[in-house]
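Undergrad: can't give you the sequence, but here's the structure:
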């Protein structure tokens with residue numbers, strides 16, 4: 001019973017603490033396309049392509065940017 005309660009608590013914590021902006025994104029690095037200190041990443045879920053200067057996958061979804069005003 002204690003194990004079941006621990007699994008439920010862990011699942012709830014993952015839901016609360018996960019980054020919802022990139023939940024459906026699956027970023028993959030392609031080192032062949034890196035250029036000038038920027039790393040190339042492609043999302044396997046939506047096909048978005050981005051370059052980052054940090055060497056880490058993007059934090060926001062490139063298909064649905066949150067700071068773009070709607071027309």
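TA: Sure, I can see it. This structure is a prediction, so every number in the text was calculated from the model and none was measured.

Undergrad: distance of residue 8 from residue 1?
TA: Counting by C-beta to C-beta, to the nearest Å, the gap from residue 8 to residue 1 is 11 Å. Quick note: C-beta positions are derived from backbone N, CA and C, even for glycine.

Undergrad: those two: who's more crowded?
TA: Neighbour count, other C-beta atoms under 10 Å: between residue 8 and residue 1, residue 8 has more, with 10 against 5.

Undergrad: what's the spacing between the more buried one and residue 61?
TA: 28 Å.

Undergrad: over to residue 26?
TA: Residue 26 is 11 Å from residue 61, by C-beta to C-beta.

Undergrad: hey, what's in contact with both of the two?
TA: residue 43 (C-beta atoms under 8 Å, 6 or more residues apart in numbering).

Undergrad: name the nearest residue to residue 58, ignoring sequence neighbours.
TA: Among residues not flanking residue 58 along the chain, residue 50 sits closest, at 5.3 Å (C-beta to C-beta, 6 or more residues apart in numbering).

Undergrad: is it true that the one you found touches residue 59?
TA: No - at 10.7 Å, residue 50 does not count as touching residue 59 under the criterion of C-beta atoms under 8 Å.

Undergrad: ok, these two, which is more surrounded?
TA: residue 50 (16 against 11).

Undergrad: count of residues packed around residue 39?
TA: Residue 39: 19 neighbours (other C-beta under 10 Å).

Undergrad: actually residue 11, not the one I typed
TA: 10.

Undergrad: may I have the phi/psi pair for it?
TA: Backbone geometry at residue 11, expressed as degrees, to the nearest 10, gives phi -60, psi -40.

Undergrad: where along the protein do the strands fall?
TA: Listed in chain order, the strands of the chain (DSSP state E) span 27-29, 39-43, 49-52.

Undergrad: where does this structure have low pLDDT?
TA: For the chain, applying pLDDT under 70 flags the ranges 18-24, 62-71.

Undergrad: kindly recompute the last result at 50.
TA: 68-71 (pLDDT under 50).

Undergrad: most distant residue from the centre of it?
TA: residue 1 (34.0 Å; C-alpha atoms, centre = their mean).

Undergrad: done for today, thanks.
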